[in-house]
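*Asks:* Provided below are the primary sequence and the corresponding predicted coordinates.
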Amino acid sequence: MSLRSAILAAAAAASASATQQDKPHVFFVLVDDFGWADAGWHRNASDLYDTVTPAMNKLVKDGLELNRHYVFMECTPTRASLQSGRLPSHLLTQLCGPCDRSGAIPYNMTGIAQVMKKGGYATHQVGKWDAGMVTPKHTPKGRGYDTSLTYFGHGNWMWSHGEWEGSGHDLSTTHFPDMTSFIKDFWDTDKPATQFVDTGYEEYIFRDRMQKILTEHNKSTPLFLNYDARVGHYPIQAPYEYQQKFSHIDNKYRMMNHAMVNFLDDQLLNVTTSMQNMGYWDNTLMVLSSDNGGYVLAPNGGCGYSPYQAGSLSDLNQGYACYNGEAGANNYPLRGGKYSDFEGGIRVNAFVSGGWSGIDSRRGQKEEGMMHVADWYGTLANLIGVDPTDEEAAAAGLPPIDSVNMLDLITGKTSVSPRTEYFVREGLLVTTKWKYIAGGKHVQSNARGGPAYPNMTNDPISSHHLVCPPQGCLFDLETDLFEEHDVSAQNPDVVRQLKQQLEANEQNKYYIMMGQVDHSGDPACKPFAKAHYGGYYGPWKDLDGQ
């Protein structure tokens, strides 16, 4: 190599290094079942009612609140949407368990971590995955994460990591289920995370992993850290000291939900403080969103209780745990909650924060423009200068990304959101101003709680239902946040237009294609977990492909 060539090569390398150092670290937090009214910044000082989130309140104050950030009303579709950049209607609109035979995200779709790696990022995932595991390609590692510490299902027991088998079993309020036969759900990048069983509260294990990542990472390389918090999905479990903070609350579902949310607040304070102390924060973009609204179903069987014993490392002897009913959260003043088409199910707590200078002009503001969790795929790609087009999916005939670039909106270069529509699922369309629900559609959770919900006298929100009239339901989301007034009869032209838009979306070839994918459970999954992984969930097909 000539001297001139060597000098040019060195200059190019130095320029690339400088460009890499200019890219912000990204800390993306996806919270589980985080109720609208369980976030302190959605409360007035006079009606906090035990909502204690000071760290997140400050992050919102120092950042940009996203007041119309949409997701799906259930876990799996939202999580798959974030990782793939597709709207759930072009991906899946149902829950998928670990044994789903197709995986929540098709094999040939490119994940958001793969996009970040194209931009030179180190990528790590910590927490709940719930986006498929049928092959190694469907796991976080297969989707582009350098490391992950995760579980694959909707929820697990937080000391033993045994699979939570869902609510509605009407289990005894005084005796916990026999968990010895449960498949364990905890995975460390490419193998079962056996080293962590009965070593402590799961979220502390996640905290330690994030601290390890921050300590060992070379800050000259941009970092993408995706923390998918276990809080606050069922079963609701919290360290005993957090239960004690809220022991004055009679309703144990609400008590435990507040305890978990307060724990999350401390968890985020711990991690963000470390980011500040280690020199990350000044160049970090933090994004937080819930995956759906908080749960407002009827209690079923009550919360379990096992007397606290200091030093216990099992799910027993930790005080209260709620594992039936999916009750305890609060989305007031929004109507509905998790599993519901109302705003309480699909419009969620969200904000951007961090020290990255790109959001300086928006600090302390509230953004009212529409956004969707799928939009972060394209937004982050544009932030780091990477084309988000999914060539692998195109070659396989799969849907392209739906992600809309929101970078100019969150940085203040535009005041109008480029997203004007969200086709949620069959019979449901949201636009900048309107929500349209098709005629005859049954909508669950047609009620909203109060500042202190649930309590000992309220009937559950999930017991209330709405059936839309033949022309459909129409709500003006700009003037009727509570969705109390169906104005379809007064706006026939608007109804006609939105009905046409909805029908066009329902006839989209990708909506039809993805709706035909078989998401049933594969009976080979659990036997394979027992025979191959010692009773832990893990991929069971195409193991030689990675």
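*Replies:* Okay, I see it.
*Asks:* Quick one: residues contacting Ala350.
*Replies:* Ala350 is in contact with 65-66, 69, 287-290, 371, counting by Cβ atoms under 8 Å, 6 or more residues apart in numbering. Heads up, the C-betas are built off the backbone N, CA and C, glycines and all.
*Asks:* hmm, try it at 6 Å
*Replies:* 66, 69, 289 (Cβ atoms under 6 Å, 6 or more residues apart in numbering).
*Asks:* Closest one of the residues you listed to Ser247?
*Replies:* Ser289 (30.3 Å; Cβ to Cβ).
*Asks:* quick one: that closest one and Asn277, what's the gap?
*Replies:* 26 Å (Cβ to Cβ, to the nearest Å).
*Asks:* ok, the two, which is more surrounded?
*Replies:* More crowded of Ser289 and Asn277, by other Cβ atoms under 10 Å: Ser289, with 25 against 10.
*Asks:* Please report phi then psi for the nearest residue to that one once chain neighbours are set aside.
*Replies:* Sequence neighbours aside, Ala350 is the residue nearest to Ser289 in space, at 4.2 Å (criterion: Cβ to Cβ, 6 or more residues apart in numbering). When read as degrees, to the nearest 10, the backbone of Ala350 gives phi -160, psi 150.
*Asks:* quick check, nearest of the contacts of Ala350 to Ser89?
*Replies:* Using Cβ to Cβ, these come closest to Ser89 at His69, 17.3 Å.
*Asks:* For that closest one, which residues are in contact?
*Replies:* Contacts of His69 (Cβ under 6 Å, 6+ apart): 289, 348, 350, 371.
*Asks:* What's the first helix or strand after the lowest-mean-pLDDT helix or strand in the chain?
*Replies:* Sorting the helices and strands of the chain by mean pLDDT, DSSP states H and E puts helix 3-22 at the bottom, at a mean of 45. Using DSSP states H and E, the helix or strand that directly follows helix 3-22 along the chain is strand 25-31.
*Asks:* Using PDB, write out the CA atom coordinates for that following strand.
*Replies:* The C-alpha trace of strand 25-31 is given here as PDB (Å, rounded to 0.1, in the frame of the first residue of the first chain):
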ATOM      1  CA  HIS A  25     -26.800   4.700  22.600                       C
ATOM      2  CA  VAL A  26     -30.400   3.500  22.600                       C
ATOM      3  CA  PHE A  27     -32.100   2.200  25.700                       C
ATOM      4  CA  PHE A  28     -35.500   0.900  24.700                       C
ATOM      5  CA  VAL A  29     -37.800  -0.200  27.500                       C
ATOM      6  CA  LEU A  30     -41.000  -2.100  26.900                       C
ATOM      7  CA  VAL A  31     -43.100  -2.500  30.000                       C
END
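*Asks:* Now the element after it, going C-ward?
*Replies:* Assigned by DSSP H and E, the successor of strand 25-31 is helix 54-62.
*Asks:* Give me the angle between that following helix and strand 25-31.
*Replies:* 120 degrees (axes from the mean of the first three to the mean of the last three Cα atoms, to 10 degrees).
*Asks:* Any idea how far helix 54-62 is from the middle of the chain?
*Replies:* Centroid separation for helix 54-62 versus its chain: 19 Å, with Cα atoms, centre = their mean, to the nearest Å.
*Asks:* Repeat that for stretch 86-94.
*Replies:* Centre to centre, stretch against its chain (Cα atoms, centre = their mean), the figure for stretch 86-94 is 14 Å.
*Asks:* quick one: contacts for the most centrally placed residue in the chain?
*Replies:* Residue closest to the average C-alpha location in the chain (Cα atoms, centre = their mean): Asp291, at 3.1 Å. Shown in contact with Asp291 (Cβ under 6 Å, 6+ apart): 30, 32, 71, 75, 78.
*Asks:* what about the first one, neighbour count?
*Replies:* So that's Leu30. Neighbours of Leu30 using other Cβ under 10 Å come to 26.
*Asks:* Hmm, Asp228 and it touching each other?
*Replies:* Yes. Between Leu30 and Asp228 a contact is recorded at 4.7 Å, counting by Cβ atoms under 6 Å.
*Asks:* was I right about Gln237 contacting Met158?
*Replies:* Yes. Between Gln237 and Met158 a contact is recorded at 4.5 Å, counting by Cβ under 6 Å.
*Asks:* More neighbours: those two, which one.
*Replies:* Gln237 (29 against 26).
*Asks:* What segments of the stretch 201-350 of the chain are helices?
*Replies:* Secondary structure of the stretch 201-350 of the chain, counting by DSSP state H, counting those that start in this stretch: helices at 202-216, 240-245, 252-277, 343-346.
*Asks:* Need the residues that contact the shortest one.
*Replies:* Going back to what we said before, that points to helix 343-346. Residues contacting helix 343-346 (Cβ under 6 Å, 6+ apart): 70-71, 73, 293, 331, 334-338.
*Asks:* what about 7 Å?
*Replies:* 36, 70-73, 292-293, 331, 334-339, 424, 448, 483 (Cβ atoms under 7 Å, 6 or more residues apart in numbering).
*Asks:* before we move on, what about stretch 200-207?
*Replies:* Counting by Cβ under 7 Å, 6+ apart, 126-127, 149, 158-159, 161, 196, 199, 230-231, 239, 263, 267, 270-271, 313 sit against stretch 200-207.
*Asks:* and of the residues you listed, the nearest to Gly515?
*Replies:* Gly127 (28.7 Å).
*Asks:* my read: the closest one touches Thr150, true?
*Replies:* Yes. Counting by Cβ atoms under 7 Å, Thr150 is a contact partner of Gly127 at 6.4 Å.
*Asks:* hang on, the earlier thing: looking at the contacts of stretch 200-207, which is nearest Ala504?
*Replies:* Nearest to Ala504 among the contacts of stretch 200-207, with distances taken as Cβ to Cβ, is Gly127, at 36.9 Å.
*Asks:* How many residues are close by the closest residue to the closest one other than its chain neighbours?
*Replies:* Leaving aside its sequence neighbours, Gly127 sits nearest to Asp228 (Cβ to Cβ, 6+ apart; 3.5 Å). If you count neighbours by other Cβ under 10 Å, Asp228 ends up with 25.
*Asks:* Spit out the contact partners of Asp228.
*Replies:* Asp228 neighbours (Cβ under 7 Å, 6+ apart): 30, 125, 127-129.
*Asks:* could you redo those residues as a markdown table and give each row secondary structure and pLDDT?
*Replies:* Formatted as a markdown table, the contacts of Asp228 follow (DSSP: H, G, I helix; E, B strand; the rest coil; pLDDT from 0 to 100):
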| residue | secondary structure | pLDDT |
| --- | --- | --- |
| Leu30 | strand | 98 |
| Gln125 | strand | 99 |
| Gly127 | strand | 98 |
| Lys128 | strand | 98 |
| Trp129 | coil | 98 |
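*Asks:* Out of those residues, which is nearest to Lys252?
*Replies:* Using Cβ to Cβ, the contacts of Asp228 come closest to Lys252 at Lys128, 23.5 Å.
*Asks:* Distance of Asp146 relative to Val26?
*Replies:* 14 Å.
*Asks:* Which one's more surrounded, the two?
*Replies:* Counting neighbours by other Cβ under 10 Å for Asp146 and for Val26 shows that Val26 has the greater number, 25 against 16.
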